[in-house]
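Chemist: A structural model of the following input is requested.
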Amino acid sequence: MISSASDWIHSEALIQALTSGELEVEGRLIGASNGTLRCVVPITPVSSVRCVYKPVAGERPLWDFPEGTLSKREVASYEMSEALGLHVVPPTVWRTEGPVGPGMCQVWIDEVSEIQLVAVLPGGEDLTNWHHVFDGSDESGGFVSLVHARDATLQMVALLDAVINNADRKGGHLLVDEQQRVWAIDHGVSFSTEEKLRTVLWGWAGKAIPEDLAAPVAALREMLSTGIPESVTGWLSTDEVESLEIRIKRLLADGTFPVPSSNWPAIPWPVF
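Modeler: Numbers count the residues shown, from 1 in each chain. Next up, the predicted model:
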């Protein structure tokens, strides 16, 4: 029987299954830019969960990221989310073996598609419940606005993205599960040594990091004092770890969410 991931989300059994359980491939995600397989993995003799398996062999080479490192960055992003107490990335592990070789494995989130976190609204819409990101025009020349929800978990995601230097936070990388919990996925192009923050979550740009995020901010300060956990740094190069430390120092010194850079496209394309 295939169980809901929420039944196992904080379980050591889930982590063990993702790490070394036998993967049964259900199919390939056609829209993914890299080779991505949806699989089923057993947790108990009578219970299984779905997961996403991204083998290194399926990674498309990129000009600005070292070859064969995208899956490792996914694991590092999950570990940073956990180290900061944010818990916004689905459980993600490294597999040394799999149907197509080593790579990352992440629990599959059953999305509730009718809940919108990021939207394109026609001009004149009430934006009271939204953060405005930017204005544009649709195919017919009509005025539209890109917006995202005023959501506390999205703000946690925005903080995580600033820390890991996420170069591709699309609207489609933000999921709401059946318990209305928000999850962030697809972190393969993170932790670059160059400033590459590109996101649809600019609603808090330049604003003070609120007291609600005092715990992860304190965790960042602790990292500068005692060192970033090896569970994060072990997946990164020495230069990438140094850049991560610099970003954390700057974020803490400013006390605000980053603003878009003029040296790098601020919005991912496509947006969703």
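Chemist: this protein: strands as residue ranges?
Modeler: Residue ranges of the strands in the chain, as given by DSSP state E, are 24-28, 37-44, 47-55, 92-95, 103-107, 118-122, 130-137, 143-149, 174-176, 182-184.
Chemist: who's in contact with the second one?
Modeler: Among residues not part of strand 37-44, those counted as contacts by Cβ atoms under 8 Å, 6 or more residues apart in numbering are 2-3, 8, 11, 13-14, 17-18, 21-29, 48-55, 58, 99-100, 105, 108. C-betas here are computed from N, CA, C, even on glycine.
Chemist: put the buried members of the residues you listed into a ChimeraX selection.
Modeler: In ChimeraX, selecting the buried portion of the contacts of strand 37-44, with burial taken from 16 or more other Cβ atoms under 10 Å, looks like this:
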select :8,14,17,18,21,23,48,49,50,51,52,53,54,55,58,105,108
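Chemist: comparing the strands of the chain, which comes out most buried?
Modeler: With neighbours defined as mean count of other Cβ atoms under 10 Å, those peak in mean count at strand 103-107, which reaches a mean of 27.
Chemist: which helices and strands does that strand pack with?
Modeler: Using 3 or more Cβ pairs under 8 Å, 6 or more residues apart in numbering; DSSP states H and E as the contact criterion, the neighbours of strand 103-107 among helices and strands are helix 12-20, strand 47-55, helix 70-83, strand 92-95.
Chemist: right, and those - which one's nearest Ala215?
Modeler: When the helices and strands packed on strand 103-107 are compared for distance to Ala215 using Cβ to Cβ, the nearest one is helix 70-83, at 11.6 Å.
Chemist: contact partners for Pro90?
Modeler: Under the criterion of Cβ under 8 Å, 6+ apart, the contact list for Pro90 reads 5, 9, 78, 106-109, 183, 185.
Chemist: ok, back up a step: dump the strands of the chain to a markdown table, plus distance to Trp235 and mean pLDDT.
Modeler: A markdown table is the format used below for the strands of the chain (distance: least, Cβ to Cβ, whole Å; pLDDT from 0 to 100):
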| stretch | distance to Trp235 | mean pLDDT |
| --- | --- | --- |
| strand 24-28 | 25 | 93 |
| strand 37-44 | 21 | 94 |
| strand 47-55 | 14 | 94 |
| strand 92-95 | 8 | 98 |
| strand 103-107 | 10 | 97 |
| strand 118-122 | 28 | 91 |
| strand 130-137 | 30 | 89 |
| strand 143-149 | 28 | 91 |
| strand 174-176 | 23 | 95 |
| strand 182-184 | 17 | 97 |
